[in-house]
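# predicted model and sequence follow; I will ask about them next.
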Amino acid sequence: MRSFLLTLLLLPAFLSAQIQAISAPLTIGETLSLQSKILGEERKLNVYLPTYYQYDSLKNYPVIYLLDGSMDEDFMHVAGLVQFCSFSWINDLPESILVGIANVDRKRDFTYPTRNRKDRKEFPTTGGSAKFIDFLKNEVQPLINERFRTNDTTTIIGQSLGGLLATEILFKQPALFDNYVIISPSLWWDDQSLLKYPLNSRALTKNIFVGVGKEGEIMENDARALYNKVKAREDGINHIHFQYFPQRDHGDALHEALYRAFELLFKLKNLE
């Protein structure tokens, strides 16, 4: 009996000695640190590379730029979605490089100057979008194109204030991206002044997806107004899509909206 009890006591130690594991870092990409002369601060870019990027040195890839792209924001789950949608048996999206632009002050970077006193009070650092767009154009994109094997196709993803910024780029500098994924845009900013901005004819050549969840009358109406503004000028060249997600709200609309956006903007191209 004593020897049986001793065996039971020693069994866990014996088993643990037989089970050995070697740990290694789990890596899905890399983080670049960029000292921005335009913004006067260090910025971080989180980069996801396609699974077989390192095995085909002749292949170039489209680039998806993700606003709110910090590790503790949207980068991780969007990287997973980009990988999933580019699987050959899904084929909603071509294999793509994802660049998540980590935030420092999103209220500053994603907003243009406002005349609304309430906006200025609640967003005291507001009004830096012009500099941030310049940063994207003249520092981020050149760095990514120099460091990685990219092709000429670019996409921007923005939600909420990020959606406001993506809309501003579409209206003011549409050549910066080919595809615009605009989710729950904060077009209420500055009393909806961006919706009154003249539509650049180059915007009509872009592929655009606008999505919104059940987020209240103002947010939903503004998203529809954006869609209608561009759709009214549609000349058969551009492609604009609108999707309402009644089961989602401002906090969880992004993931489902992105899945739908990838399908609508890219799937048909992949099948051609």
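The structure has been received and is ready for your questions.
# where in the chain is pLDDT low?
1-18, 234-238, 268-272 (pLDDT under 70).
# ok, now which ones touch the closest residue to residue 128 other than its chain neighbours?
Sequence neighbours aside, residue 108 is the residue nearest to residue 128 in space, at 4.2 Å (criterion: Cβ to Cβ, 6 or more residues apart in numbering). To be clear about C-beta, it is placed using only N, CA and C from the backbone, and glycine gets the same treatment. Neighbour list for residue 108: 125-128, 132 [criterion: Cβ atoms under 8 Å, 6 or more residues apart in numbering].
# helix or strand: which one has the residue lying closest to residue 231 once chain neighbours are set aside?
In space, and not counting its chain neighbours, residue 231 is closest to residue 240: 5.6 Å by Cβ to Cβ, 6+ apart. Per DSSP states H and E, residue 240 falls inside strand 239-245.
# kindly report the same for residue 208.
strand 207-213.
# and the gap between residue 261 and residue 96?
13 Å (Cβ to Cβ, to the nearest Å).
# neighbour-wise, which of these two wins?
It is residue 261, of residue 261 and residue 96, that has more neighbours when counted by other Cβ atoms under 10 Å, with 28 against 24.
# could you find the closest non-adjacent residue to that one?
residue 209 (3.9 Å).
# quick one on the thing from earlier: buried among the contacts of residue 108? Make that a PyMOL selection.
Of the contacts of residue 108, the buried ones go into a single PyMOL selection, burial set by 16 or more other Cβ atoms under 10 Å:
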select buried, resi 126+127+128+132
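# closest one of the contacts of residue 108 to residue 55?
Comparing these against residue 55 with Cβ to Cβ places residue 132 closest, at 35.2 Å.
# where does residue 112 sit: helix, strand or coil?
Of the three states, residue 112 takes coil under DSSP: H, G, I helix; E, B strand; the rest coil.
# which strand or helix spans residue 98?
Per DSSP H and E: strand 97-101 holds residue 98.
# show residues contacting that strand.
In contact with strand 97-101 (Cβ under 8 Å, 6+ apart) are residues 29, 43, 45-50, 53, 61-71, 73-75, 78-79, 82, 136, 140, 144, 148, 150.
# returning to that earlier point: what is the helix or strand that comes right after the strand holding residue 208 packed up against?
Remark: after strand 207-213, the chain's next helix or strand is helix 217-231, criterion DSSP H and E. Applying 3 or more Cβ pairs under 8 Å, 6 or more residues apart in numbering; DSSP states H and E, one finds that helix 217-231 contacts strand 207-213, strand 239-245.
# from the contact counts, what lies against the first one?
Using 3+ Cβ pairs under 8 Å, 6+ apart as the contact criterion, the neighbours of strand 207-213 among helices and strands are strand 179-183, helix 217-231, strand 239-245, helix 253-262.
# quickly compare the ones you listed and say which is most buried.
strand 179-183 (a mean of 27; mean count of other Cβ atoms under 10 Å).
# buried stuff in the helix or strand just after that strand?
Heading C-terminal from strand 179-183, the first helix or strand you meet, by DSSP H and E, is helix 189-192. By neighbour count on 16+ other Cβ under 10 Å, the buried set for helix 189-192 is 189-190.
# now do helix 189-192: everything it contacts.
With Cβ under 8 Å, 6+ apart, helix 189-192 has contacts from 111-116, 119, 161, 164, 222, 225.
# in stretch 113-121, what counts as buried?
114, 119.
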